[in-house]
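> No letters, just coordinates:
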């Protein structure tokens, strides 16, 4: 018989996996193994080139390799020279493009989501078809339409009315027209999706409670559709900031956007470090603006999380 002094042995301690073991288990999960090819493709196709561009932005001008002393002279050159004009052109045109696309997209999207019924699909197809044609081909169509003298518009007006209209090319308005034409679908489709999610019973309930059309729009439709509108606006803005074909084809030499300046440094000037620094500058500014807008608009409230 065991004596009173005998003590019960404590239960064996459970093995606590180390951080390295836990990380190894996480790497062996089926989800991670399945996603590994996509992750490697992302690292090689997106992160890798971005790191290379970032590295080139800190080497001396007209250097074609990672040798020599690291420097920030390229960024000083951007600030001291007139590149700010190109930044203003790019961000100004992108903002105007988003505003124009929203003004056009909302009524069209409302019709597609709420009014057109069985005709919505054919109309949507007509809006999608131009996306299958190269952007440059479509822009040169506008170029031929607006060309001075031999353009379709000028020739038709002169033939019908005997008037010389001059040229509408190489102006701010024409460049903005081309950007709105190219990037309108990127605002239209997310906005249509957002408006299609607005329940009709909520609109009817608001009307039964005495809300007028403006109150229904402000208190019911707009908050529910806002995620789609926001996604479309941000997508259009980011794409429009990097636009180059519209300014070169329709704006000529009068408008030099930041993407044009980047292309010039990488090709004609053969100044890869300066082109890289301009690229990184544009990426950082665009990212800061997008993050600021997303924080100010309170996505959690818009998406109904609180």
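That came through, no problem. If you're wondering where the values come from, they're calculated on a predicted model, not measured in any experiment.

> C-alpha from now on. contacts and neighbour counts both.
Noted.

> ok, residue 127 - how many residues close by?
Using other Cα atoms under 10 Å, residue 127 has 14 neighbouring residues.

> what's the helix or strand for it?
Using DSSP states H and E, residue 127 falls within helix 120-128.

> In this structure, where is pLDDT below threshold?
Along the chain, segments meeting pLDDT under 70 span 1-24, 26-27, 31-32, 68, 148-150, 158-159, 166, 296-306.

> Helix or strand next in line after the helix holding residue 127, which one?
Sequence order places helix 135-146 as the next helix or strand after helix 120-128, per DSSP H and E.

> helix or strand right after that following helix?
helix 152-161.

> quick one: that next one to helix 135-146, angle?
Here the directions of helix 152-161 and helix 135-146 differ by 20 degrees (axes from the mean of the first three to the mean of the last three Cα atoms, to 10 degrees).

> Would you mind listing the buried residues in helix 152-161?
Under the neighbour-count criterion of 16 or more other Cα atoms under 10 Å, helix 152-161 has 152-155 buried.

> element containing the nearest residue to residue 206 once chain neighbours are set aside?
Among residues not flanking residue 206 along the chain, residue 216 sits closest, at 6.4 Å (Cα to Cα, 6 or more residues apart in numbering). With elements taken from DSSP H and E, the one containing residue 216 is helix 213-216.

> Share the number of residues neighbouring residue 204, please.
For residue 204, the neighbour count with other Cα under 10 Å is 12.

> If you count contacts, what does the strand or helix carrying residue 234 end up packed against?
Using DSSP H and E, residue 234 maps to helix 222-241. Judged by 3 or more Cα pairs under 8 Å, 6 or more residues apart in numbering; DSSP states H and E, helix 222-241 is in contact with helix 83-110, helix 172-196, helix 299-302.

> Just list what the longest one packs against, helices and strands only.
Contacting helix 83-110 under the criterion 3+ Cα pairs under 8 Å, 6+ apart are the following elements: helix 172-196, helix 222-241, helix 258-266.

> Quick one, which of these gets closest to residue 285.
helix 222-241 (10.5 Å; Cα to Cα).

> circling back to that earlier point, indicate which one of the helices and strands packed on helix 83-110 is closest to residue 79.
Nearest to residue 79 among the helices and strands packed on helix 83-110 is helix 258-266 (13.4 Å), distances taken as Cα to Cα.

> Which strands or helices does the closest one pack on?
Looks like helix 258-266 contacts helix 83-110, helix 272-296 (3+ Cα pairs under 8 Å, 6+ apart).
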